[in-house]
Structures are given as C-alpha cells and as structure tokens.
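**Student:** turn this into a structure:
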Amino acid sequence: MTQRHEFHFHEDEVGQTQVLPIEWWSYCEGEFEALKAHDVIHRVPDGAGWSEMYEFRPADPGLPRLDMTEQRFVALLQPQCRQFDVVESNLAEVDARLGIRAIGFGPSGSAGVIAEVDGDRLAMIWGRLFASQDDERAVLVNLLTALSTDQHLMLVDWPGNEMADLRNHAQLDAYLRGESGRLI
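**Tutor:** Residues are numbered from 1 along each chain as shown. Coordinates of the predicted model:
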C-alpha cells in the first residue's frame, strides 16, 4: 500500500516565496528597497517585527500575469515527482468555505511547489523550498525549472530578499543550497 503524500502548511507561508512572470523583476527590486526602508522606520525595539504592517504597492496593470491552467501545471510537474494527495492549510475549513483549493508537487511533506487554483486557472504559485537532502533539492530545481517552460518565470523570496530566474538551473541550485547571497 502506498503511503499518502501530504503537504500541510500554515497560512502565513503562502506567498512568502512566490513565482511571478520575469517581467516583474524591476517591480520586485523596488519592493525590496521599500521593504528595507519600512524595516528601518518600523522595526520594534526588541527586533521581533514591525510596529506597522507593510503594504505592497500596486503592480503596474500592464505587467503580465501568471498564465497557467491547473491542467498545464500538473502536466509540467507530474513528470518531475509525485503529486501531493493532500495540500492543506491550518485553515482548511475556512479555505473550503471560501472555495480556495491548492494542489502541489514535492519530494516530501516538508518541501514542495504549491498552486492556488481559482476555477481552472492558477491564482498563485508559491513554495516551501527547504530541501534537507541533495536529492530533494534536485527535485525542487527540476520542478521550478519545468514551471518556466511556457512562460518565462522567476522565483521571489520576499523574506530572503532574493530573486532567481527559473530558467537558470545553476542559480536555482545555488539559491536552494543557501549559497546564492542576494541574487538581484
């Protein structure tokens, strides 16, 4: 009997590491600078957070949006590794009432690439990309690279202040090894 392949996450993880079209690169660089300035002004004295929440500035409406169907996401990633049987947040009951559905692929329940599905289109692709072993890291690089087959995409690690081109295998591997420094 095959063991269930599950991915459970906390709602705070969603979008921390996000996949966006490569044309968003300049926008993200600007947001990184704005986040640094916000941090200087609003860092609480004990260093554990901010006194005010940061709100991302609206992106240029002319920037391309993520353009992928659920069917295409599955077709691109299924050859790379097994799809999760369950992708669920700690707010699963609320998500179900709101019609939020997530699917994903990954080498383990602690690392994967996740898509939020809205109808038959993807609303967002994000990931928990902490690979504990070389073979997990290789799977994650292959998953991320496969995503950029049809549309040139990039990875944005908002807390880490890093970006990577999903068509650059070496850059992704260095990022996942924690050896990249700041990629922008």
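
**Student:** list the contacts for the residue nearest to residue 78 when sequence neighbours are not counted?
**Tutor:** By the measure of CB to CB, 6 or more residues apart in numbering, the closest residue to residue 78 outside its immediate chain neighbours is residue 105, 7.3 Å from it. No exception for glycine: its C-beta is placed from N, CA and C like everyone else's. By CB atoms under 8 Å, 6 or more residues apart in numbering, the residues touching residue 105 are 77-78, 80-84, 112-113, 143.

**Student:** which one of the residues you listed has the most neighbours?
**Tutor:** Neighbour tally across the contacts of residue 105 (other CB atoms under 10 Å): the maximum, 28 neighbours, falls on residue 113.

**Student:** and that residue, what are its bridge partners?
**Tutor:** residue 105, residue 127 (DSSP bridges).

**Student:** okay, the helix or strand encompassing residue 19 in PDB with CA atoms only?
**Tutor:** Assigned by DSSP states H and E, residue 19 falls within strand 17-21. Listed next in PDB are the C-alpha coordinates belonging to strand 17-21 (Å, rounded to 0.1, in the frame of the first residue of the first chain):
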ATOM      1  CA  THR A  17       8.400  32.500  -1.800                       C
ATOM      2  CA  GLN A  18       6.400  33.200  -4.900                       C
ATOM      3  CA  VAL A  19       6.600  32.500  -8.600                       C
ATOM      4  CA  LEU A  20       5.900  35.500 -10.900                       C
ATOM      5  CA  PRO A  21       6.500  36.400 -14.600                       C
END
